[in-house]
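Peer 1: I'd like to go over a predicted model; first the sequence, then the structure.
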Amino acid sequence: MVEETSYDVVVIGGGPVGENAADYAIRGSDRTAAIVEHELMGGECSYWACMPSKALLGPGNALGEARALGGSRERASASNPEPSGVLEWRDTVTGRLDNSSTTHDDTGQVRWANGAGIEVIRGHGRIVGEKQVQVGDRLLTAREAVVVATGSTASVPPIPGLREALPWTSRDATNILDIPERVVVLGGGVVACEAATWLLDLGVRSLVMAIRGDRLLPKMEPFVGERVADALRERGADIRFGTTIESVERSDAAATGYGRLHGGPAVVRLTGDGAGELTVDEILVAAGRAPATTDLGLDSLGLEAKGPLRVDDHLTVPGHPWLYSVGDVNGRNALTHMGKYQARVAGDVIAARAEGRELDGPRYVASSDHAAVPQVVFTRPEISSVGLTRQQATEAGIDVRVAEGAISVAGSYLLGPDYSGYASLVVDAARDVVVGATFVGSQTGELAHSATVAIVGEVPLSRLWHAVPSYPTVSEVWLRLLDQLR
(Lines give C-alpha, C1' and ligand atoms only; values in the text may rest on other atoms or scores of the structure.)
Protein backbone atom coordinates (compact mmCIF):
# COMPACT_ATOMS: atom_id res chain seq x y z
CA MET A 1 0.00 0.00 0.00
CA VAL A 2 1.28 3.44 -0.96
CA GLU A 3 1.21 6.10 1.77
CA GLU A 4 0.31 9.51 0.36
CA THR A 5 1.45 12.75 2.01
CA SER A 6 1.17 16.34 0.85
CA TYR A 7 3.54 19.24 1.42
CA ASP A 8 3.76 22.69 -0.06
CA VAL A 9 7.32 22.07 -1.19
CA VAL A 10 9.22 18.83 -1.80
CA VAL A 11 12.99 19.06 -2.26
CA ILE A 12 14.99 16.12 -3.64
CA GLY A 13 18.50 16.40 -2.20
CA GLY A 14 19.54 17.26 1.35
CA GLY A 15 22.79 19.12 0.78
CA PRO A 16 23.24 22.80 1.64
CA VAL A 17 21.56 23.75 -1.64
CA GLY A 18 18.43 21.73 -0.95
CA GLU A 19 18.38 22.93 2.66
CA ASN A 20 18.42 26.57 1.56
CA ALA A 21 15.72 26.06 -1.06
CA ALA A 22 13.36 24.46 1.46
CA ASP A 23 14.12 27.03 4.15
CA TYR A 24 13.60 30.11 1.98
CA ALA A 25 10.44 28.68 0.41
CA ILE A 26 8.65 28.33 3.76
CA ARG A 27 10.41 30.76 6.10
CA GLY A 28 8.04 33.03 8.02
CA SER A 29 4.94 31.25 6.75
CA ASP A 30 2.72 28.29 7.57
CA ARG A 31 3.85 26.42 4.45
CA THR A 32 5.28 22.92 4.85
CA ALA A 33 8.33 21.33 3.27
CA ALA A 34 10.02 17.95 3.05
CA ILE A 35 13.58 17.11 2.01
CA VAL A 36 14.23 13.70 0.48
CA GLU A 37 17.81 12.46 0.99
CA HIS A 38 19.18 9.03 0.12
CA GLU A 39 22.53 9.48 1.89
CA LEU A 40 23.33 12.09 4.56
CA MET A 41 21.74 15.43 5.37
CA GLY A 42 24.40 17.98 4.56
CA GLY A 43 25.23 16.31 1.27
CA GLU A 44 28.45 16.10 -0.70
CA CYS A 45 29.86 19.37 0.60
CA SER A 46 29.67 18.44 4.27
CA TYR A 47 31.20 14.96 4.14
CA TRP A 48 32.99 14.38 0.83
CA ALA A 49 33.90 17.71 -0.79
CA CYS A 50 34.24 21.29 0.48
CA MET A 51 34.51 20.73 4.21
CA PRO A 52 36.88 17.72 4.33
CA SER A 53 39.08 19.10 1.55
CA LYS A 54 39.56 22.43 3.33
CA ALA A 55 40.15 20.59 6.61
CA LEU A 56 42.89 18.52 4.95
CA LEU A 57 44.50 21.62 3.47
CA GLY A 58 44.34 23.78 6.60
CA PRO A 59 47.21 22.34 8.66
CA GLY A 60 49.65 22.49 5.75
CA ASN A 61 48.65 26.08 5.02
CA ALA A 62 49.07 27.06 8.67
CA LEU A 63 52.46 25.36 8.88
CA GLY A 64 53.62 27.10 5.71
CA GLU A 65 52.62 30.51 7.07
CA ALA A 66 54.34 29.77 10.38
CA ARG A 67 57.58 28.83 8.59
CA ALA A 68 57.54 32.15 6.73
CA LEU A 69 58.28 34.18 9.85
CA GLY A 70 61.18 34.29 12.28
CA GLY A 71 60.09 33.26 15.73
CA SER A 72 57.40 30.87 14.55
CA ARG A 73 59.77 29.27 12.02
CA GLU A 74 61.93 27.90 14.82
CA ARG A 75 58.87 26.24 16.39
CA ALA A 76 57.55 24.91 13.07
CA SER A 77 60.60 23.31 11.56
CA ALA A 78 58.81 20.22 10.18
CA SER A 79 58.36 20.18 6.41
CA ASN A 80 54.90 18.59 6.58
CA PRO A 81 52.07 18.50 9.13
CA GLU A 82 51.64 15.37 11.25
CA PRO A 83 49.40 13.03 9.16
CA SER A 84 47.34 11.52 11.97
CA GLY A 85 46.61 14.98 13.34
CA VAL A 86 45.46 16.17 9.93
CA LEU A 87 43.12 13.20 9.52
CA GLU A 88 41.79 13.66 13.04
CA TRP A 89 40.98 17.30 12.30
CA ARG A 90 39.26 16.23 9.05
CA ASP A 91 37.20 13.71 11.06
CA THR A 92 36.19 16.39 13.56
CA VAL A 93 35.05 18.72 10.78
CA THR A 94 33.01 16.05 8.99
CA GLY A 95 31.53 14.38 12.06
CA ARG A 96 33.03 10.99 11.36
CA LEU A 97 31.78 8.44 13.90
CA ASP A 98 34.45 5.78 13.43
CA ASN A 99 38.01 6.56 12.38
CA SER A 100 38.32 3.16 10.73
CA SER A 101 35.35 3.67 8.41
CA THR A 102 33.50 6.43 6.58
CA THR A 103 30.42 6.60 8.77
CA HIS A 104 29.36 10.16 9.57
CA ASP A 105 26.89 11.71 11.98
CA ASP A 106 24.26 13.94 10.35
CA THR A 107 22.00 14.33 13.38
CA GLY A 108 22.93 17.99 13.69
CA GLN A 109 21.78 18.66 10.13
CA VAL A 110 18.54 16.77 10.72
CA ARG A 111 17.96 18.73 13.93
CA TRP A 112 18.42 22.00 12.04
CA ALA A 113 15.92 20.94 9.35
CA ASN A 114 13.32 19.88 11.90
CA GLY A 115 13.80 23.16 13.77
CA ALA A 116 13.16 25.05 10.52
CA GLY A 117 9.90 23.16 10.04
CA ILE A 118 11.26 20.81 7.38
CA GLU A 119 10.60 17.06 7.50
CA VAL A 120 13.51 14.83 6.49
CA ILE A 121 12.54 11.73 4.51
CA ARG A 122 15.20 9.08 3.95
CA GLY A 123 15.32 7.30 0.64
CA HIS A 124 15.66 7.76 -3.11
CA GLY A 125 13.26 10.31 -4.55
CA ARG A 126 11.88 9.85 -8.04
CA ILE A 127 9.46 12.11 -9.89
CA VAL A 128 6.49 10.04 -11.09
CA GLY A 129 4.16 12.77 -12.29
CA GLU A 130 3.32 16.45 -12.02
CA LYS A 131 4.21 17.58 -8.48
CA GLN A 132 4.60 13.95 -7.39
CA VAL A 133 7.68 12.30 -5.88
CA GLN A 134 7.89 8.60 -5.01
CA VAL A 135 10.11 7.54 -2.10
CA GLY A 136 9.87 3.81 -1.48
CA ASP A 137 6.25 3.12 -0.58
CA ARG A 138 5.50 6.81 0.01
CA LEU A 139 4.00 9.18 -2.55
CA LEU A 140 4.74 12.83 -1.81
CA THR A 141 2.57 15.46 -3.48
CA ALA A 142 3.74 19.07 -3.64
CA ARG A 143 1.06 21.75 -3.62
CA GLU A 144 3.45 24.45 -4.84
CA ALA A 145 6.82 23.14 -6.03
CA VAL A 146 9.24 20.29 -6.43
CA VAL A 147 12.90 21.30 -6.25
CA VAL A 148 15.68 19.09 -7.63
CA ALA A 149 18.92 19.66 -5.72
CA THR A 150 20.71 16.35 -6.26
CA GLY A 151 24.13 17.79 -7.06
CA SER A 152 26.66 15.98 -9.21
CA THR A 153 28.80 12.85 -9.28
CA ALA A 154 32.42 12.29 -10.24
CA SER A 155 33.04 11.31 -13.86
CA VAL A 156 35.32 8.39 -14.71
CA PRO A 157 36.54 8.38 -18.33
CA PRO A 158 36.14 5.17 -20.39
CA ILE A 159 39.83 4.25 -20.26
CA PRO A 160 40.64 0.53 -20.67
CA GLY A 161 41.04 -1.09 -17.26
CA LEU A 162 40.42 2.10 -15.28
CA ARG A 163 37.05 1.23 -13.70
CA GLU A 164 38.20 -2.33 -13.02
CA ALA A 165 41.19 -0.93 -11.12
CA LEU A 166 38.78 0.86 -8.73
CA PRO A 167 40.32 4.33 -9.00
CA TRP A 168 39.87 6.92 -6.32
CA THR A 169 37.41 9.71 -6.99
CA SER A 170 37.26 12.90 -4.95
CA ARG A 171 35.23 11.07 -2.27
CA ASP A 172 38.07 8.63 -1.67
CA ALA A 173 40.66 11.39 -1.64
CA THR A 174 38.86 13.53 0.93
CA ASN A 175 38.05 10.48 3.06
CA ILE A 176 41.60 9.13 2.89
CA LEU A 177 42.36 6.57 5.62
CA ASP A 178 45.47 4.82 4.27
CA ILE A 179 48.18 7.07 2.85
CA PRO A 180 49.58 5.64 -0.40
CA GLU A 181 53.22 6.09 -1.36
CA ARG A 182 52.63 6.49 -5.11
CA VAL A 183 49.69 8.27 -6.75
CA VAL A 184 48.87 9.37 -10.28
CA VAL A 185 46.30 12.15 -10.60
CA LEU A 186 44.25 12.42 -13.78
CA GLY A 187 43.21 16.03 -14.26
CA GLY A 188 44.44 19.58 -13.69
CA GLY A 189 41.43 21.42 -12.33
CA VAL A 190 40.55 22.59 -8.83
CA VAL A 191 39.94 19.13 -7.34
CA ALA A 192 43.19 17.79 -8.82
CA CYS A 193 45.30 20.72 -7.62
CA GLU A 194 43.87 20.82 -4.10
CA ALA A 195 44.14 17.04 -3.73
CA ALA A 196 47.74 17.06 -4.97
CA THR A 197 48.51 19.68 -2.31
CA TRP A 198 47.14 17.71 0.64
CA LEU A 199 48.44 14.35 -0.62
CA LEU A 200 51.93 15.81 -0.61
CA ASP A 201 51.26 17.22 2.87
CA LEU A 202 50.32 13.74 4.07
CA GLY A 203 53.58 12.26 2.81
CA VAL A 204 52.84 10.75 -0.60
CA ARG A 205 56.33 10.03 -1.92
CA SER A 206 55.62 9.99 -5.65
CA LEU A 207 52.84 12.09 -7.20
CA VAL A 208 52.38 12.35 -10.95
CA MET A 209 49.75 14.62 -12.55
CA ALA A 210 48.59 13.67 -16.03
CA ILE A 211 46.97 16.70 -17.71
CA ARG A 212 45.47 16.58 -21.18
CA GLY A 213 45.91 20.33 -21.74
CA ASP A 214 48.90 22.62 -21.47
CA ARG A 215 48.30 24.21 -18.05
CA LEU A 216 46.70 23.75 -14.66
CA LEU A 217 43.42 25.48 -13.82
CA PRO A 218 42.74 26.37 -17.47
CA LYS A 219 39.56 28.36 -16.75
CA MET A 220 41.55 30.95 -14.81
CA GLU A 221 44.14 33.54 -15.83
CA PRO A 222 47.31 31.86 -17.21
CA PHE A 223 49.53 33.16 -14.38
CA VAL A 224 47.42 31.21 -11.88
CA GLY A 225 48.24 27.79 -13.31
CA GLU A 226 51.88 28.72 -13.74
CA ARG A 227 52.31 29.65 -10.09
CA VAL A 228 50.47 26.61 -8.78
CA ALA A 229 52.48 24.31 -11.06
CA ASP A 230 55.75 25.86 -9.88
CA ALA A 231 54.73 25.40 -6.23
CA LEU A 232 53.70 21.76 -6.70
CA ARG A 233 56.89 20.95 -8.61
CA GLU A 234 58.96 22.56 -5.87
CA ARG A 235 57.36 20.09 -3.43
CA GLY A 236 58.13 17.11 -5.67
CA ALA A 237 55.12 16.72 -7.97
CA ASP A 238 55.80 15.41 -11.48
CA ILE A 239 53.43 17.40 -13.74
CA ARG A 240 53.03 16.10 -17.28
CA PHE A 241 51.10 18.29 -19.69
CA GLY A 242 49.71 16.98 -22.97
CA THR A 243 49.31 13.61 -21.29
CA THR A 244 46.50 11.23 -20.49
CA ILE A 245 46.08 7.68 -19.21
CA GLU A 246 45.98 5.14 -22.03
CA SER A 247 45.27 2.02 -19.94
CA VAL A 248 45.40 0.63 -16.41
CA GLU A 249 46.04 -2.87 -15.09
CA ARG A 250 45.48 -4.01 -11.53
CA SER A 251 45.09 -7.74 -10.95
CA ASP A 252 43.90 -7.73 -7.35
CA ALA A 253 41.66 -4.67 -7.02
CA ALA A 254 39.41 -4.88 -3.98
CA ALA A 255 36.66 -2.49 -2.91
CA THR A 256 37.21 -1.68 0.77
CA GLY A 257 35.30 1.58 1.26
CA TYR A 258 36.06 5.24 0.70
CA GLY A 259 39.61 6.28 1.47
CA ARG A 260 41.04 2.76 1.67
CA LEU A 261 43.74 1.44 -0.63
CA HIS A 262 42.18 -0.52 -3.46
CA GLY A 263 44.43 -3.57 -3.52
CA GLY A 264 47.90 -4.14 -4.91
CA PRO A 265 49.92 -1.95 -7.25
CA ALA A 266 48.44 -0.76 -10.54
CA VAL A 267 50.34 -0.36 -13.79
CA VAL A 268 49.36 2.89 -15.52
CA ARG A 269 50.35 3.57 -19.12
CA LEU A 270 50.50 7.22 -20.11
CA THR A 271 50.31 8.52 -23.64
CA GLY A 272 51.17 11.90 -25.15
CA ASP A 273 53.99 14.27 -24.25
CA GLY A 274 54.52 12.61 -20.87
CA ALA A 275 54.24 9.05 -22.13
CA GLY A 276 55.57 6.27 -19.97
CA GLU A 277 54.62 3.45 -17.63
CA LEU A 278 54.06 3.98 -13.92
CA THR A 279 53.52 1.59 -11.06
CA VAL A 280 51.31 3.28 -8.47
CA ASP A 281 49.26 2.45 -5.41
CA GLU A 282 46.26 4.60 -6.38
CA ILE A 283 44.85 6.48 -9.35
CA LEU A 284 42.92 9.63 -8.44
CA VAL A 285 40.45 10.57 -11.16
CA ALA A 286 39.68 14.29 -11.04
CA ALA A 287 38.29 14.61 -14.55
CA GLY A 288 35.12 16.57 -13.92
CA ARG A 289 31.64 15.89 -12.60
CA ALA A 290 28.26 15.12 -14.14
CA PRO A 291 24.82 16.33 -12.95
CA ALA A 292 23.12 13.68 -10.79
CA THR A 293 19.94 13.31 -12.84
CA THR A 294 20.02 9.58 -13.50
CA ASP A 295 16.94 7.73 -12.21
CA LEU A 296 15.10 10.87 -11.14
CA GLY A 297 12.12 10.10 -13.36
CA LEU A 298 12.61 13.15 -15.55
CA ASP A 299 11.58 11.11 -18.58
CA SER A 300 8.08 10.87 -17.07
CA LEU A 301 7.82 14.61 -17.75
CA GLY A 302 9.20 14.37 -21.28
CA LEU A 303 12.61 15.67 -20.15
CA GLU A 304 16.04 14.19 -20.82
CA ALA A 305 16.74 11.42 -18.31
CA LYS A 306 20.39 12.43 -17.92
CA GLY A 307 22.51 15.54 -18.21
CA PRO A 308 21.81 18.94 -16.64
CA LEU A 309 18.25 19.90 -15.75
CA ARG A 310 18.24 23.31 -17.41
CA VAL A 311 16.40 26.28 -15.93
CA ASP A 312 15.57 29.93 -16.56
CA ASP A 313 16.75 32.74 -14.30
CA HIS A 314 13.89 32.04 -11.85
CA LEU A 315 15.45 28.55 -11.54
CA THR A 316 12.28 27.08 -13.07
CA VAL A 317 12.41 24.26 -15.63
CA PRO A 318 10.85 25.64 -18.86
CA GLY A 319 7.42 24.15 -19.54
CA HIS A 320 7.09 22.98 -15.92
CA PRO A 321 6.40 26.05 -13.74
CA TRP A 322 6.19 23.92 -10.58
CA LEU A 323 9.62 22.28 -11.09
CA TYR A 324 12.88 23.93 -10.00
CA SER A 325 16.50 22.87 -10.38
CA VAL A 326 19.27 24.37 -8.23
CA GLY A 327 22.99 23.78 -7.76
CA ASP A 328 25.31 21.48 -9.70
CA VAL A 329 22.38 19.58 -11.20
CA ASN A 330 21.34 22.45 -13.47
CA GLY A 331 24.78 22.82 -15.04
CA ARG A 332 25.14 26.56 -14.42
CA ASN A 333 27.88 26.55 -11.75
CA ALA A 334 29.41 23.65 -9.86
CA LEU A 335 30.17 25.63 -6.71
CA THR A 336 28.41 25.18 -3.37
CA HIS A 337 28.05 28.90 -2.66
CA MET A 338 26.52 29.53 -6.09
CA GLY A 339 24.13 26.62 -5.57
CA LYS A 340 23.07 28.12 -2.25
CA TYR A 341 22.61 31.48 -3.97
CA GLN A 342 20.38 29.85 -6.59
CA ALA A 343 18.47 28.07 -3.82
CA ARG A 344 17.78 31.35 -2.03
CA VAL A 345 16.46 32.87 -5.26
CA ALA A 346 14.36 29.78 -6.01
CA GLY A 347 12.96 29.76 -2.48
CA ASP A 348 11.96 33.43 -2.80
CA VAL A 349 10.33 32.73 -6.17
CA ILE A 350 8.37 29.78 -4.75
CA ALA A 351 7.21 31.86 -1.80
CA ALA A 352 6.15 34.77 -4.03
CA ARG A 353 4.21 32.53 -6.38
CA ALA A 354 2.56 30.73 -3.46
CA GLU A 355 1.38 34.07 -2.10
CA GLY A 356 0.26 35.41 -5.47
CA ARG A 357 2.93 38.12 -5.62
CA GLU A 358 4.53 39.37 -8.82
CA LEU A 359 8.16 38.47 -9.46
CA ASP A 360 9.27 42.09 -9.55
CA GLY A 361 12.83 43.14 -8.88
CA PRO A 362 16.27 41.49 -8.84
CA ARG A 363 15.45 39.43 -5.75
CA TYR A 364 13.72 36.87 -7.96
CA VAL A 365 16.36 36.60 -10.69
CA ALA A 366 19.57 34.55 -10.48
CA SER A 367 21.88 36.95 -12.27
CA SER A 368 25.19 36.71 -10.40
CA ASP A 369 26.06 33.27 -11.71
CA HIS A 370 26.36 34.61 -15.25
CA ALA A 371 29.34 36.92 -14.84
CA ALA A 372 30.10 37.44 -11.15
CA VAL A 373 31.02 34.00 -9.85
CA PRO A 374 33.54 34.08 -7.00
CA GLN A 375 35.82 31.16 -6.25
CA VAL A 376 38.66 30.42 -3.85
CA VAL A 377 41.11 27.58 -4.54
CA PHE A 378 42.94 26.53 -1.37
CA THR A 379 46.20 25.45 -2.95
CA ARG A 380 49.53 26.95 -1.92
CA PRO A 381 49.61 29.62 -3.19
CA GLU A 382 45.94 30.38 -2.52
CA ILE A 383 43.82 31.68 -5.39
CA SER A 384 40.73 33.84 -5.45
CA SER A 385 38.91 35.03 -8.53
CA VAL A 386 35.58 36.46 -9.61
CA GLY A 387 34.02 37.45 -12.91
CA LEU A 388 35.66 37.29 -16.31
CA THR A 389 39.25 36.57 -17.28
CA ARG A 390 40.94 38.81 -19.83
CA GLN A 391 40.27 36.22 -22.55
CA GLN A 392 36.61 35.76 -21.60
CA ALA A 393 36.01 39.51 -21.53
CA THR A 394 37.68 39.95 -24.92
CA GLU A 395 35.62 37.12 -26.43
CA ALA A 396 32.49 38.80 -25.04
CA GLY A 397 33.31 41.88 -27.10
CA ILE A 398 34.31 44.06 -24.15
CA ASP A 399 36.82 46.86 -24.65
CA VAL A 400 39.30 45.52 -22.10
CA ARG A 401 41.78 47.32 -19.90
CA VAL A 402 43.93 45.26 -17.52
CA ALA A 403 45.84 46.27 -14.41
CA GLU A 404 48.16 43.63 -13.01
CA GLY A 405 51.31 43.11 -11.02
CA ALA A 406 53.01 41.52 -8.05
CA ILE A 407 51.35 41.74 -4.65
CA SER A 408 54.05 43.72 -2.92
CA VAL A 409 52.62 45.87 -0.14
CA ALA A 410 53.30 46.31 3.58
CA GLY A 411 50.56 43.83 4.47
CA SER A 412 52.02 41.09 2.29
CA TYR A 413 55.57 41.68 3.54
CA LEU A 414 54.37 41.20 7.12
CA LEU A 415 53.24 37.68 6.17
CA GLY A 416 56.85 36.89 5.30
CA PRO A 417 59.78 38.62 3.58
CA ASP A 418 59.63 36.06 0.77
CA TYR A 419 55.91 36.58 0.11
CA SER A 420 55.09 35.98 -3.53
CA GLY A 421 51.74 36.95 -5.00
CA TYR A 422 50.18 38.35 -8.16
CA ALA A 423 46.93 40.14 -8.96
CA SER A 424 44.96 41.42 -11.92
CA LEU A 425 41.84 43.46 -12.58
CA VAL A 426 39.94 43.24 -15.87
CA VAL A 427 38.04 46.45 -16.64
CA ASP A 428 35.31 47.29 -19.12
CA ALA A 429 36.81 50.51 -20.47
CA ALA A 430 33.54 51.72 -21.97
CA ARG A 431 31.66 51.49 -18.67
CA ASP A 432 34.67 52.14 -16.41
CA VAL A 433 33.82 49.18 -14.15
CA VAL A 434 35.65 46.03 -13.04
CA VAL A 435 34.38 42.85 -14.72
CA GLY A 436 37.00 40.41 -13.45
CA ALA A 437 39.59 40.04 -10.70
CA THR A 438 42.19 37.40 -9.81
CA PHE A 439 44.52 37.23 -6.82
CA VAL A 440 47.22 34.62 -6.11
CA GLY A 441 49.11 34.43 -2.85
CA SER A 442 48.77 33.63 0.83
CA GLN A 443 45.56 34.98 2.41
CA THR A 444 44.15 36.27 -0.88
CA GLY A 445 40.94 34.27 -0.43
CA GLU A 446 39.54 37.12 1.66
CA LEU A 447 39.98 39.50 -1.28
CA ALA A 448 37.34 37.71 -3.35
CA HIS A 449 34.35 39.36 -1.73
CA SER A 450 35.52 42.94 -2.17
CA ALA A 451 36.01 42.21 -5.88
CA THR A 452 32.59 40.52 -6.02
CA VAL A 453 30.90 43.58 -4.53
CA ALA A 454 32.70 45.84 -7.01
CA ILE A 455 31.56 43.72 -9.96
CA VAL A 456 28.00 43.04 -8.86
CA GLY A 457 27.51 46.67 -7.83
CA GLU A 458 29.12 47.92 -11.06
CA VAL A 459 31.04 50.45 -8.98
CA PRO A 460 32.82 52.98 -11.23
CA LEU A 461 36.59 53.13 -10.88
CA SER A 462 36.27 56.76 -9.80
CA ARG A 463 34.30 55.60 -6.74
CA LEU A 464 36.47 52.54 -6.06
CA TRP A 465 39.38 54.92 -5.64
CA HIS A 466 37.63 56.13 -2.46
CA ALA A 467 37.27 52.59 -1.04
CA VAL A 468 40.39 52.88 1.10
CA PRO A 469 42.12 49.58 2.01
CA SER A 470 43.22 49.18 5.62
CA TYR A 471 46.92 49.37 6.45
CA PRO A 472 48.82 47.07 6.69
CA THR A 473 46.82 44.35 4.89
CA VAL A 474 47.13 42.43 1.65
CA SER A 475 44.05 44.35 0.44
CA GLU A 476 46.36 47.31 -0.20
CA VAL A 477 46.98 45.66 -3.56
CA TRP A 478 43.69 47.26 -4.63
CA LEU A 479 45.38 50.66 -4.37
CA ARG A 480 48.29 49.52 -6.52
CA LEU A 481 45.97 48.16 -9.23
CA LEU A 482 43.69 51.20 -9.25
CA ASP A 483 46.75 53.43 -9.49
CA GLN A 484 47.52 51.80 -12.85
CA LEU A 485 44.01 52.55 -14.09
CA ARG A 486 43.82 56.26 -13.13
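Peer 2: Thanks, I have it.

Peer 1: name every strand pairing with whichever strand or helix holds residue 142 and say which way it goes.
Peer 2: Taking DSSP states H and E as the definition, one finds residue 142 inside strand 138-148. Paired strands of strand 138-148, with direction, are strand 3-12 (parallel), strand 132-135 (antiparallel), strand 320-325 (parallel) (DSSP bridges).

Peer 1: so which of the ones you listed gets nearest residue 440?
Peer 2: Smallest distance to residue 440 across these (CB to CB): 33.5 Å, for strand 320-325. All C-beta atoms are positioned from the backbone trio N, CA, C, and that covers glycine.

Peer 1: returning to that earlier point: distance between the strand holding residue 142 and the chain's centre?
Peer 2: 28 Å (CA atoms, centre = their mean, to the nearest Å).

Peer 1: output the contacting helices and strands for the next helix or strand after that strand.
Peer 2: Next helix or strand after strand 138-148 toward the C-terminus (DSSP H and E): strand 152-154. Under the contact criterion of 3 or more CB pairs under 8 Å, 6 or more residues apart in numbering; DSSP states H and E, strand 152-154 touches strand 289-291.

Peer 1: name the residues that touch the strand it packs on?
Peer 2: Residues from elsewhere that reach strand 289-291 (CB atoms under 8 Å, 6 or more residues apart in numbering): 150-155, 306-309, 328-331, 334.

Peer 1: out of these, grab the one that's most surrounded.
Peer 2: Counting neighbours by other CB atoms under 10 Å, residue 150 leads these with 31 neighbours.

Peer 1: quick check on it: phi, psi?
Peer 2: Note on residue 150: backbone dihedrals following degrees, to the nearest 10 are phi -90, psi 0.

Peer 1: so who does it touch?
Peer 2: Contacts of residue 150 (CB under 8 Å, 6+ apart): 12, 13, 291, 292, 293, 296, 329.

Peer 1: tell me how many other residues surround the third one.
Peer 2: To tie it back to what came earlier, the one meant is residue 291. Using other CB under 10 Å, residue 291 has 23 neighbouring residues.

Peer 1: repeat for the fourth one
Peer 2: Summarising burial for residue 292: neighbours were counted as other CB under 10 Å, giving 21.

Peer 1: correct me, but it touches residue 151?
Peer 2: Yes: assessed by CB atoms under 8 Å, residue 292 is found in contact with residue 151 at 5.3 Å.

Peer 1: would you list the contacts of residue 150 in CSV and tack on pLDDT?
Peer 2: Shown next, in CSV, are the contacts of residue 150 (pLDDT from 0 to 100):
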residue, pLDDT
12, 98
13, 98
291, 96
292, 96
293, 96
296, 96
329, 98
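
Peer 1: flag the least confident of the contacts of strand 289-291.
Peer 2: pLDDT is lowest at residue 306 among the contacts of strand 289-291; the value there is 89.

Peer 1: list the helices and strands the helix or strand residue 231 falls within packs on?
Peer 2: Counting by DSSP H and E, the element that carries residue 231 is helix 222-234. On a contact count with 3+ CB pairs under 8 Å, 6+ apart, helix 222-234 meets helix 190-201, strand 238-241, strand 383-387, strand 422-428, strand 433-440.
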